[in-house]
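K.L.:
Fold the following and give me the result.
(chains A and B)
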Protein chains: 2
Amino acid sequence: MGPGPSDVHPRVLKAMSTPLIGHLDPEFVEIMNEIKEMTQQTFQTKNHLTFVVSAPGSAGMETCLVNLLEPGDEAIICIHGVFGGRMTDIAERCGAKVTRVEADWGTPIDPAQVQVALNHVKKPKMVAIVHAETSTGVLQPLEEISEMARNAGALMVVDAVTSYCGTDLKVDEWGIDAIYSGTQKCLSAPPGLSPVSFSQKAVHVLEHRKTKVQSWFLDLSLVRNYWAGAKRAYHHTAPVSAMFALREALQLVLEEGLENRFNRHRNQHELLKDGLISLGFEFLVDKEFRLPMLNAVKVPDGVDEALVRRRLLEEYNIEIGGGLGKFAGSLWRIGLMGESATSNHVNMLLSALKTIL
Amino acid sequence: MGPGPSDVHPRVLKAMSTPLIGHLDPEFVEIMNEIKEMTQQTFQTKNHLTFVVSAPGSAGMETCLVNLLEPGDEAIICIHGVFGGRMTDIAERCGAKVTRVEADWGTPIDPAQVQVALNHVKKPKMVAIVHAETSTGVLQPLEEISEMARNAGALMVVDAVTSYCGTDLKVDEWGIDAIYSGTQKCLSAPPGLSPVSFSQKAVHVLEHRKTKVQSWFLDLSLVRNYWAGAKRAYHHTAPVSAMFALREALQLVLEEGLENRFNRHRNQHELLKDGLISLGFEFLVDKEFRLPMLNAVKVPDGVDEALVRRRLLEEYNIEIGGGLGKFAGSLWRIGLMGESATSNHVNMLLSALKTIL
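P.N.:
Predicted structure coming up:
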């Protein structure tokens, strides 16, 4: 019940322990096709360039930025937590000129400030923003900002690591050009892979680069031939077992249905919220912008936060997350993600907290 | 029986399907420590900076190059197959000036040519070379070249993706400064991770860089704090299940013993070689430089190579590899790696080939 990895369904564990096959085996290529199709469905997109990076979510972040940015490009990056800061770091390593739009940690980015930045920047290549800030528990509304980016001729790049498969996320309808996620949050597959999708507009930018992508491993002009080329050219050896697990996890999501899954996350969040409030906890984030799957609550005064987390882990086998960055020591982050978003999880945690506190 | 992934021991599959724990859980940190120690043993090194990249072997390659090269650096890269070429591509993306030392595919690099290059290049930062060229089946002797690099003040960087845990590889004794491998070859774990080790000399170079590493995800100045820092600072979410599998696979290697494992690979290679020669096959590589775990044989005249490989797969459930690069269509690559290096594998393949041909 931390910020991920979440619990994994036994069917996913079983699929993962299937004996290996080759990464160019026709049967494996078929599995890649199924994964691609289910990733499109869960991202609610028809993007042809939808695939999975063979590395964790932060490599997905780097994939989106290194493929779309070239030295001298101007990028507007929104920062309202740790992961916006990480995007800035990567964009600067790409040689981009970054304009920061910031909000206090625990609040969302104000679209008006994005518009100010768009007005100031000469030729904005992208607006990048985190949909669900795992470090603060904020759900960032995207549609207004996406429209502003589009009107300014900029790409809309979204971090959906924590929101994907846990709350509504309409890649096509919301005009998102590049998006990445992770597998270990609301999708409930083991960590290690990053689903990614690029719009036609983003593909056009990729295809008209003046310079080579600085990373060979993440260069989509190469990777796409393995995922979507007619001949499936060898690029790197795909993590076969992790892909078996991913396929099964995606199937579980679609069997449940996206809407049902989003509702389940919301309902369990309500149950947890009521329990925490009756125990005297305060949420960091205003109700309107609270993430259902990542509940950020202030550590009560006088409580030894590390000790309580250790007791939860050792006596109750429950993991919750501490604060990141400026919230280290003062915040708890309680995950309700995928298989971990059940009433039993909520009740176990509330009972344990009540006893310990 | 292709160029990897190899078969995986049931104990490894079982370990991989253990329910998840958090990537910062004290129990998982302990598992990372065990993996580090066993990786040191299998690399035959005491290097403190020994760890595992959370992505496949080609990301390990990129890790070594992006952390050690800065724009303008001079690198000597040896090319005797596909993977030397890939190193060149990555080094150039780092802004390095590359001097190529080449050998005909199927033969090893001549140390004298490396010396010529070292004499020509003003300030060589590294000599990079592939120990076991998976595309040609050549085992490259390393000690002489390593000494030349050391005398010239250059780092010795080695690709050990296919040799690791299958043939002798003495990182410390041979003076290797940076080395990377994969998990899906002679180690017989699923693909997706890359064991890496840096010498003190390489760490010194890393610590005295003038520029930031161009990849955030692979930046060892950050990654090392997660693997070896006193506080285990969060960098990215480690692929927990894959690490469970890796630990078990490393344990199996050490239970067998490195020498025994190397002998087993050599013995199975001898058995396969005798069988293939009696079927009329010719090896690409001279006996002295043949890899035991990757047997490159010429496709006999008049044989439809793709059809035979398809029949092997469909009728016998045996995968062998086709040729890469300039050998596409004219070479077969037969792997005897880790759990796939057994007499049963050899006999099955020889019998099937005899029947089909």
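
K.L.:
Every contact and neighbour count from this point should use C-alpha atoms.
P.N.:
Fine.

K.L.:
all helices for chain A, in order.
P.N.:
A:10-16, A:26-43, A:57-68, A:82-93, A:111-120, A:143-151, A:200-207, A:220-227, A:240-256, A:258-278, A:305-316, A:343-356 (DSSP state H).

K.L.:
Output stretch A:316-325 in CSV, but only the C-alpha positions, please.
P.N.:
These are the backbone C-alpha positions of stretch A:316-325, laid out as CSV (Å, rounded to 0.1, in the frame of the first residue of the first chain):
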residue,chain,number,x,y,z
TYR,A,316,1.2,-6.1,10.0
ASN,A,317,3.1,-6.8,6.8
ILE,A,318,1.7,-3.5,5.4
GLU,A,319,3.9,-1.1,3.5
ILE,A,320,3.0,2.6,3.1
GLY,A,321,5.2,5.3,1.6
GLY,A,322,7.0,8.2,3.4
GLY,A,323,7.3,11.7,1.9
LEU,A,324,9.6,12.5,-1.0
GLY,A,325,11.7,15.6,-1.4
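
K.L.:
who's in contact with it?
P.N.:
Under the criterion Cα atoms under 8 Å, 6 or more residues apart in numbering or on different chains, residues A:1-3, A:82, A:135, A:305-306, A:309, A:312-313, A:328-335, A:349, A:352, B:22 lie in contact with stretch A:316-325.

K.L.:
okay, now A:Gly137: neighbour count?
P.N.:
A:Gly137: 31 surrounding residues under other Cα atoms under 10 Å in any protein chain shown.

K.L.:
err, A:Asp286, not the other one
P.N.:
Residues lying near A:Asp286 (other Cα under 10 Å) number 12.

K.L.:
what sits against it?
P.N.:
Contacts of A:Asp286 by Cα under 8 Å, 6+ apart are A:Thr107.

K.L.:
before we move on, the earlier item: just the buried residues from the contacts of stretch A:316-325, in PyMOL please.
P.N.:
Selection of buried members from the contacts of stretch A:316-325 for PyMOL, criterion 16 or more other Cα atoms under 10 Å in any protein chain shown:
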select buried, (chain A and resi 1+2+3+82+135+305+309+312+330+331+332+333+334+335+349) or (chain B and resi 22)
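
K.L.:
hmm, back to that, tell me the most buried of the helices of chain A?
P.N.:
Mean neighbours per residue, mean count of other Cα atoms under 10 Å in any protein chain shown, is largest over these for helix A:57-68, with a mean of 26.

K.L.:
Report pLDDT for A:Ala230.
P.N.:
Looking at A:Ala230, its pLDDT stands at 76.

K.L.:
and it, how far is that from chain B?
P.N.:
A:Ala230 sits 17 Å away from chain B, going by Cα to the nearest Cα, to the nearest Å.

K.L.:
repeat for A:Ser241
P.N.:
6 Å.

K.L.:
I'd guessed that residue sits against A:Leu20; true?
P.N.:
Yes: with contact defined as Cα atoms under 8 Å, A:Ser241 reaches A:Leu20; the gap is 6.7 Å.

K.L.:
Quick one: closest of the helices of chain A to A:Val297.
P.N.:
helix A:258-278 (8.6 Å; Cα to Cα).

K.L.:
which outside residues touch the closest one?
P.N.:
With Cα under 8 Å, 6+ apart, helix A:258-278 has contacts from A:42, A:165-168, A:253, A:282, A:292-293, A:295, A:336-338, A:341-343, A:346-347, A:350.

K.L.:
Please parse chain A into its domains.
P.N.:
With domains defined by automatic domain parsing, chain A comprises A:10-254, A:258-356.

K.L.:
contacting residues around stretch A:83-94?
P.N.:
Against stretch A:83-94 from outside (Cα under 8 Å, 6+ apart): A:61-62, A:65-66, A:69-71, A:75, A:77-79, A:97-98, A:100, A:128-130, A:133-135, A:214, B:212-216.
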